[in-house]
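Undergrad: kindly generate the corresponding structure for this input.
(2 chains)
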There are 2 protein chains.
Amino acid sequence: MKFSPLVQELIDSLKCLPGVGAKSAQRMAFQLLERNRRGGSKLAKTLAKAMTDIGHCQQCRNFTEEPLCEICQNPKRQLATKLCIVETPGDVIAIEQTGEFFGKYFVLMGHLSPIDGIGPDDLGFDILIKQFASGQFSEVILATNPTVEGEATAHYIAELAQQYQVNISRIAHGVPVGGELEYVDGNTLAHALAGRKAYEI
Amino acid sequence: MKFSPLVQELIDSLKCLPGVGAKSAQRMAFQLLERNRRGGSKLAKTLAKAMTDIGHCQQCRNFTEEPLCEICQNPKRQLATKLCIVETPGDVIAIEQTGEFFGKYFVLMGHLSPIDGIGPDDLGFDILIKQFASGQFSEVILATNPTVEGEATAHYIAELAQQYQVNISRIAHGVPVGGELEYVDGNTLAHALAGRKAYEI
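TA: Okay, the predicted model is just below:
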């Protein structure tokens, strides 16, 4: 005995969402069917549109339904001399929210990960090299995650960028602001010590 | 700075799923866009179809795209004299998997919960009363969850059923098979003691 064919198909389809297994998918299906058909129909419509219409920005590879994303379209940013390389669109939002960066971005949409079969071809390095070669940028900021894969990706990009006349920098690793030294892991603390700067009075 | 309008709309729509907040919705959107557009499109199609086509079985209220569900259509079950009342379609599957029940079901699609505004009208009691009145059933098994709301719902249904010539039973509460007494909560243990039966040698 199983659910009716269409209910079962709905549950199976929901399992394509990350972090959703059989039980969660079942709960989602019942919730939508019983309490929120309007939301479910809206999700179906938006999802269908998004899957066909959303592509990558031609310059920065961020998700957008236009040829260029909002940031790359911004006239003030078009003359930027700083290029910040991040892993995901979420990282762009996070950096934008600091209000401290006014340059352009390049979104890798992941990191080098041979074990998952993700190599340089999947991260748009061909477009990135064109950006380096354009001569527009005087500084490239490597803002990949401070993980093993993120560091490896940063290293790979740094080697690529070396051939062009750009300064290459990496975001600082250290103790998070507002944290307590006692609870910071040893590796981070070691980085914080090694990266110490002269104290400005 | 936000995501592009369609990406943001997709993230907002995904938040209608239960247990999915802003961060999970963002992760789901990126995962589908970057790694599984085919799965996303299939989900959109199935979801649209499910939201319009799936209704309730006329007899048992379970989800089905036909007028009657598979169980109610089964000729062997049509003569059943036992009616098992459960809260959700998942409960039907769970009981079917035991292979010990061959009667019919009635799915409440929830439980009485005044705090959520769910009253008798939302649980299909009008259809349930017709089932009692049909004279087909000699026994009604109350298999709602052993929670406060489930017990209240069972009590309410028992009072309804009393007016008809049916035996009313409640599934047993006690220690789960394979469990250890030491780790069973006091309330369950009290039920297990109160519900003790003569030992059959």
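Undergrad: which stretches of chain A form helices?
TA: Along chain A, the stretches classed as helices by DSSP state H are A:5-14, A:22-35, A:37-53, A:70-73, A:75-78, A:89-98, A:125-133, A:148-161, A:186-194.
Undergrad: got the buried residues for the helix-or-strand element of chain A with minimal mean pLDDT?
TA: Across the helices and strands of chain A, the lowest-confidence element by mean pLDDT, DSSP states H and E is helix A:186-194, at a mean of 87. When neighbours are counted by 16 or more other CB atoms under 10 Å in any protein chain shown, the buried residues of helix A:186-194 are found to be A:188, A:191-192. Heads up, the C-betas are built off the backbone N, CA and C, glycines and all.
Undergrad: out of those residues, which is nearest to B:Gln163?
TA: A:Thr188 (70.3 Å; CB to CB).
Undergrad: please save the CA atoms from the least confident helix or strand of chain A in CSV.
TA: Output for helix A:186-194, consisting of C-alpha atoms alone and laid out as CSV, is shown next (Å, rounded to 0.1, in the frame of the first residue of the first chain):
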residue,chain,number,x,y,z
GLY,A,186,43.5,27.0,17.7
ASN,A,187,43.8,27.3,14.0
THR,A,188,42.0,30.6,13.8
LEU,A,189,44.0,31.9,16.8
ALA,A,190,47.2,30.9,15.1
HIS,A,191,46.1,32.9,12.0
ALA,A,192,45.1,35.8,14.2
LEU,A,193,48.6,35.8,15.8
ALA,A,194,50.5,35.4,12.5
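Undergrad: so is stretch A:77-96 next to chain B?
TA: Yes: Stretch A:77-96 lies within reach of chain B by CB under 8 Å from any CB of the partner chain, at A:88-90, A:92-93, A:96.
Undergrad: what's the answer for stretch A:135-151, then?
TA: No: on the criterion CB under 8 Å from any CB, stretch A:135-151 is out of touch with chain B, staying 14.4 Å away.
Undergrad: endpoints of that stretch, how far apart?
TA: The separation between the terminal residues of stretch A:135-151, taken as CA to CA, to the nearest Å, is 25 Å.
Undergrad: pLDDT (mean, whole number) over that stretch?
TA: Stretch A:135-151 shows a mean pLDDT of 93.
Undergrad: tell me which residues are up against it.
TA: Contact partners of stretch A:135-151, identified using CB atoms under 8 Å, 6 or more residues apart in numbering or on different chains, comprise A:80-87, A:91, A:95, A:103-104, A:108, A:111-113, A:131-132, A:153-154, A:157-158, A:161, A:164-171, A:173.
Undergrad: equivalent analysis for stretch A:162-174, please.
TA: Under the criterion CB under 8 Å, 6+ apart, external residues in contact with stretch A:162-174 comprise A:83, A:132-133, A:135, A:137-143, A:146, A:154, A:158, A:161, A:188, A:191-192, A:195.
Undergrad: list only buried entries from these.
TA: By the neighbour-count criterion of 16+ other CB under 10 Å, the contacts of stretch A:162-174 include these buried positions: A:83, A:132, A:137, A:140-143, A:154, A:161, A:188, A:191-192.
Undergrad: just put the buried residues of helix A:186-194 in CSV and tack on distance to A:Ala48.
TA: What follows is the buried residues of helix A:186-194, written out as CSV (distance: CB to CB, whole Å):
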residue, distance to A:Ala48
A:Thr188, 44
A:His191, 46
A:Ala192, 48
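Undergrad: now, which of these sits nearest chain B?
TA: Minimum separation from chain B among the buried residues of helix A:186-194 (CB to the nearest CB) is found for A:Thr188, which lies at 22.8 Å.
Undergrad: tell me the contacts of the closest one?
TA: Contacts for A:Thr188 (CB under 8 Å, 6+ apart) come out as A:173-175.
Undergrad: just name the closest of those residues to B:Thr46, please.
TA: Out of the contacts of A:Thr188, the one with the shortest distance to B:Thr46 is A:His173. That distance is 44.8 Å, counting by CB to CB.
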